[in-house]
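Asker: pasting the sequence and the predicted model now:
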Amino acid sequence: MKIVFAWIKRFLGILAGSLMAFLLYLYATPAPEGFPVLEYHMVTSRDVTITDSNAYAYNVPPEDFREQLDYLQEQGYTTISMLEYMKARKGKAELPEKPIILTFDDGYMDNYAEMLPILEEHGMKATVYMITNHIGTPGYLGWEELRAMQERGVEIGSHTANHLPLTTLSPEEREEEVYLSKLLMEWNGIRTVFSFSYPNGAYDETMPGLLQKNEYLTAVTGDAGLNTVETDPFLMQRVNIPHPRWGILEFRYRLWKAEAFAKLGMWQHKKS
Ligand SMILES: [Zn+2]
């Protein structure tokens, strides 16, 4: 029995030692150069589960969202747009000391009614990726709101026409989703659409070429990590921000985790 205890003790000792070494390593490694792109969906105080039982997980209630922006401000982050990031890549602009990009997928009406006022309170900017065939349908942004948001510092990007995972479509259908969504918005008074978000985060190696051909400059995935000026601009990584179960602590944890992953060298996109 004594021997067993001794072994357990030794094992726990090694475990604790390794953990300490690992944490020290993370602590001692300088902050990664990469910056986060946050991935949001809804920001509403409505009970979203009435219409969609899955929506709960995608909704960050306004009071949590406000707390998150307060935290980012306290931490010295400056929001930039995707275009500013692209200018910096070309050496035409300088990034702030701690850049961050806020993105919103799907284009829910609450992005205008509830999210935008909180964003403006903080003097921050964001990018909204719109599913163009949902424009003006119940629960989604209409043209009026999209144009108004654009005037108030929100960049409008494409999240395709029908929100189908592109990898499940034929090359012709993919092209249509990418091309028509951009064209429709530009015809309706939205400034040139340069930014794209893959539905369900689904992409393959043909996507960067397809997007480039259709005059997009950036695309975001659902892959976790940070971005640098060396990141493939069509495979940018994001930090997903779902409904927070543990308030601001969870938000801080998610930012920390992205940084920790980046420090461990896992931010390089795995070519699979
Ligand atoms: Zn989506």
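Answerer: Thanks, I have the structure now. Residues are numbered from 1 along each chain as shown.
Asker: and the pLDDT at the single nearest residue of the stretch 51-200 of the chain relative to the ion?
Answerer: In the stretch 51-200 of the chain, no residue comes nearer to the ion than Asp105, which is 4.1 Å away by CB to the ion. Where C-beta positions appear, they are placed from N, C-alpha and C, glycine not excepted. In the predicted model, Asp105 carries a pLDDT score of 98.
Asker: ok so it is a strand residue?
Answerer: Yes - under DSSP: H, G, I helix; E, B strand; the rest coil, Asp105 falls within a strand.
Asker: begin at 810 from now on, thanks
Answerer: Happy to do that; since the first residue is 810 now, the last one works out to Asp914.
Asker: just checking, it touches Ser1006?
Answerer: Yes - with contacts counted by CB atoms under 8 Å, Asp914 reaches Ser1006, the gap being 5.5 Å.
Asker: between those two, what contacts are shared?
Answerer: Tyr938, His968 (CB atoms under 8 Å, 6 or more residues apart in numbering).
Asker: list the contacts of the residue of the stretch 860-1009 of the chain closest to the ion.
Answerer: Contacts of Asp914 (CB under 8 Å, 6+ apart): Glu848, Tyr849, His850, Tyr938, His968, Ser1006.
Asker: what secondary structure does the residue nearest to the first one when sequence neighbours are not counted sit in?
Answerer: In this structure, Glu848 finds its nearest non-sequential neighbour in Arg1047, 4.1 Å apart by CB to CB, 6 or more residues apart in numbering. The assignment at Arg1047 comes out as strand when based on three-state DSSP.
Asker: and the stretch 860-1009 of the chain, which of its residues are near the ion?
Answerer: Asp914, Asp915 (CB under 5 Å from the ion).
Asker: strands along the stretch 860-1009 of the chain, start to end?
Answerer: Assigned by DSSP state E, counting those that start in this stretch, the strands in the stretch 860-1009 of the chain fall at 887-888, 908-915, 935-939, 963-967, 1004-1006.
Asker: is it possible to get a markdown table of those strands that adds distance to Pro1017?
Answerer: Output for the strands of the stretch 860-1009 of the chain, formatted as a markdown table (distance: least, CB to CB, whole Å):
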| stretch | distance to Pro1017 |
| --- | --- |
| strand 887-888 | 25 |
| strand 908-915 | 18 |
| strand 935-939 | 17 |
| strand 963-967 | 15 |
| strand 1004-1006 | 10 |
